[in-house]
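Student: Sequence first, then the predicted structure:
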Amino acid sequence: MAFYSRVSGSVGMITLQNPPVNALSAAVRQGIVDAMHRALSEPEVKSVVICGQNGKFCGGADIGEFGAKMTGPPLVPMVHLIEAASKPVVAAIEGIALGGGLELALSCHYRIAHSKARLGFPEVALGLLPGAGGTQRLPRLIGVPASLDLITTGRQVTAAEARQLGIVDEVTDLNAVDAAVKFAQSVADKSLDARRISTYPCPRPPDLDTIFERAMQQVRRSARGAIAPGTCVQAVHAAVTLPYAKGMERERELFSVLFNSGQARALQYYFFAQRAVSRWSTASGARWDTSKPRPVHKAAVIGLGTMGRGITVSLAQAGFSVVAVETQEKQLSEAKQAVSGMLERGAKRRGVPLAHDKIKYSCSVQAVADVDLVIEAVFEDMALKKTIFQQLSAICKPGALLCTNTSGLDIDELASQTQSPELVVGMHFFAPAHVMQLLEVVYGPRSSPEAVATAMQMGKKMGKVSVAVGNCRGFVGNRMLKLYLEQAFFLLEEGATPEQVDQVLEEFGFPMGVFKVSDLSGLDIGWKVRKADGLVSPAFTGTSARIRGGSRYSPLGDLLCEQGRFGQKTGKGWYQYDKPGGRVAKPDPWLFGFLEDYRAQHGLVARRIDHQEVLERCLYPLINEGFQILQDGIAAGPEDIDVIYVLGYGWPRHRGGPMFYASQVGLDKVVERLEHYQQIHPDVPGLQPCRLLRKLAAISNPAIHKWREVIQKPRSQL
Ligand SMILES: CC(C)(COP(=O)(O)OP(=O)(O)OC[C@H]1O[C@@H](n2cnc3c(N)ncnc32)[C@H](O)[C@@H]1OP(=O)(O)O)[C@@H](O)C(=O)NCCC(=O)NCCSC(=O)C[C@@H](O)CCCCCCCCCCCCC(=O)O
């Protein structure tokens, strides 16, 4: 709701009250409309201030209302009522003015912001455009180029930048509401003729066409199939080419297209999913709200390869004291240099002080004796990790949390090397660890709720989105990825090329197709894992070359590695590059010949494989594995999987994540297509729809938020 009061005798004060972000729910809109009418009708009131409770002006329209039938006064007439008011209205912006919140502020005649406030139009990230006049008022106020930047990217600006752009009239370090009240008194009798933004002419720079062409090209390049950014450009175009009223009609039309799109549904689902994962639970019932994290002041990182360096930077930037350990002298000095460079670049980019003094380097594991938490980040080698965990258990102080950055090894096996297995959890960072937002927090059967809570909180402090997952090979992300990679290899055996498969996946919205990603991360990584698993051996020849454990296996990746083709780093992989370390992937005629010979050798006949098959074969087995993961209780809900895939694996956000995508395709359709492919490839177990998927499909596609009711309670793991 919105609360009306009178201050200093002549100022009507409207306070938005809808915690936590004062979103413009039906009740808030009704409250504002009622309060405006009251303020306008009271003769003693000479001016009005609009502010938000608890230091937050307004987080915009209530996204939770978008799925249901709209009630209450609509937003557009509400902002028109404010702008048309005969008494000056001043917005007192504290904390945030986002989306509809900024539109509300733009309908006021003046805007006073606190210096710590952030302003912006994040609608594009929800698959929308500012639909309450934002696309028409902002260009009139600050011009087309700056408006295009803010509206198409969703970039939020500080109060200082907002002042520079002309969005706010004054910035204060003091109480913004008090400042707004004083300001409102000072303008009480001033004419409002020049204060109604909708009456301003929209500036028309001479190179207008070029500006819009460039904006369109820019959004096409970065949007990867998302429709909202381009539609935002069209809406801003209307502000320049149409009178205000017509521009508003066009904004409404374009908003309606986006509002009713699947992409908006996906992005809004994702918005809530990303927040839902912080309310974690484990298979045994440990929960975020009943588990207390331990205090962590000092942390250690063991192993300063690429991952260890990124984790060190991330910890130091989050304010933790870090002991960074690398036993090889040469590696240690290289790491010091690399970490310094990363910190300097980070400080410059984020405008924060350097965090060099947070880090102490050592080449002895003994240096971690007094830390509260250790993150082991050595090679993916179980024997080595076990030795380190034995050492850590002996060296670390009682109660220290022992974490591993393994990307898929058994947490419990590592825990069993220590005296306190309840203090062992996985903290699986994604490369580059100081940049990527995702953290999989992996609990083993013996990890304590307190240990999980501590790792989850550490992740949050490091600016990560932490997702709690159970212990299994590959955890959630890499376990599902295995099925995706496997199908990509099979498609090559059957006649596809890496370019074809990658193109289909990139058109779907992945930033890079599976083969380009493989070249980037290095083919040798998977090869080492397969070798350790006993899948690579000269013994597998003839008819057994393409079978492991009774199931179909493609040795294509192994064969490339045997040729020294490890991807970008060697200048050759699934593609060729102009030099080792080169970045631009080019089709490689050698590979086509290699694939032909391979097929001939194994009696495979290449066939034409269409776009749809590539997509379904790559995505549906991955999705099916996601259902298996839910069935096994490894992830608590579909949101966990979707967040992992969007933040860790480049799944296009406007498709919501693999589980949301499946819900949109229709679970019965996914089952039907998997069964179809399984009939053709009976030797591929990943094509067999799992029990949970079949069960959900059979009860006619329940909405994704209902799936948890169907997922059976798995057996206790803690
Ligand atoms: C605000 C934040 C920056 C705060 O971040 P912080 O980290 O502090 O906290 P959290 O992110 O964890 O959030 C806390 C809590 O609050 C929930 N929440 C946040 N914002 C909203 C919101 N806007 N609505 C609802 N709930 C919100 C959040 O979910 C958390 O709760 P949870 O229980 O999930 O943990 C940060 O939260 C943030 O960035 N928020 C999003 C801000 C945003 O995107 N704002 C824009 C919203 S969209 C909008 O404003 C649209 C407008 O332009 C105009 C729309 C016109 C409307 C017309 C509607 C007509 C409909 C019919 C049309 C039909 C068309 C046709 O068919 O013709």
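Tutor: Sure, I can see it.
Student: can we go C-alpha only for contacts and neighbour counts from here?
Tutor: Will do.
Student: Over in the stretch 501-650 of the chain, which residue gets nearest the ligand? Let me know.
Tutor: Nearest residue of the stretch 501-650 of the chain to the ligand (CA to the nearest ligand atom) works out as residue 639 at 12.0 Å.
Student: Which strand or helix spans that residue?
Tutor: helix 638-649 (DSSP states H and E).
Student: which ones are touching the residue nearest to residue 229 when sequence neighbours are not counted?
Tutor: Spatial nearest neighbour of residue 229, excluding adjacent residues (CA to CA, 6 or more residues apart in numbering): residue 152 at 4.9 Å. Contact analysis of residue 152 by CA atoms under 8 Å, 6 or more residues apart in numbering lists 124, 219, 228-230, 232-233.
Student: try 10 Å this time
Tutor: 121-125, 129, 215-216, 218-219, 223, 228-233, 236 (CA atoms under 10 Å, 6 or more residues apart in numbering).
Student: again, but for residue 66
Tutor: Residue 66 touches 259-260, 264-265, 268, counting by CA under 10 Å, 6+ apart.
Student: gap between it and the ligand?
Tutor: 6 Å (CA to the nearest ligand atom, to the nearest Å).
Student: Residue 190 too?
Tutor: 30 Å.
Student: just to revisit the earlier point, most neighbours of all the contacts of residue 66, which one?
Tutor: For the contacts of residue 66, the largest number of neighbours (other CA atoms under 10 Å) sits with residue 264, at 26 neighbours.
Student: what about it, is that helix, strand or coil?
Tutor: helix (DSSP: H, G, I helix; E, B strand; the rest coil).
Student: ok, for it, nearest residue in space, not its chain neighbours?
Tutor: Residue 264 sits nearest to residue 127 (CA to CA, 6+ apart), 4.1 Å away.
Student: can you count the residues close to the one you found?
Tutor: Residue 127 has 27 nearby residues by other CA under 10 Å.
Student: Now the two most distant members of the contacts of residue 66.
Tutor: Farthest pair in the contacts of residue 66 (CA to CA) is 260 and 268. Separation: 11.9 Å.
Student: gap between the stretch of helix or strand residue 35 belongs to and the chain center?
Tutor: According to DSSP H and E, residue 35 maps onto helix 26-41. Between the centre of helix 26-41 and the centre of its chain there are 37 Å (CA atoms, centre = their mean, to the nearest Å).
Student: In space, what's closest to the residue positioned nearest the centre of the chain - neighbours in sequence excluded?
Tutor: Centroid-nearest residue in the chain: residue 647, 4.2 Å away (criterion: CA atoms, centre = their mean). Closest residue to residue 647 apart from its sequence neighbours, by CA to CA, 6+ apart: residue 438 at 5.6 Å.
Student: likewise residue 489?
Tutor: residue 554 (6.2 Å).
Student: The one helix or strand residue 402 maps to pairs with which strands?
Tutor: Element membership for residue 402 (DSSP H and E) is strand 401-404. The strands beside strand 401-404 in its sheet (DSSP bridges) come out as strand 373-376 (parallel), strand 424-429 (parallel).
Student: out of those, nearest to residue 517?
Tutor: When those are compared (using CA to CA), the closest one is strand 424-429, at 17.1 Å.
Student: That closest one: which residues count as buried?
Tutor: Residues 424-429 are the ones in strand 424-429 that count as buried (16 or more other CA atoms under 10 Å).
Student: Please apply the same query to stretch 26-45.
Tutor: Quick answer for stretch 26-45 (16+ other CA under 10 Å): 26-33, 35-36, 39-40, 45.
Student: can you check stretch 590-599 too?
Tutor: So, applying 16+ other CA under 10 Å, buried residues of stretch 590-599: 591-592, 595-596, 599.
Student: So which of those residues is the closest to residue 300?
Tutor: Closest to residue 300, out of all of the buried residues of stretch 590-599 and judged by CA to CA, is residue 591, at 44.1 Å.
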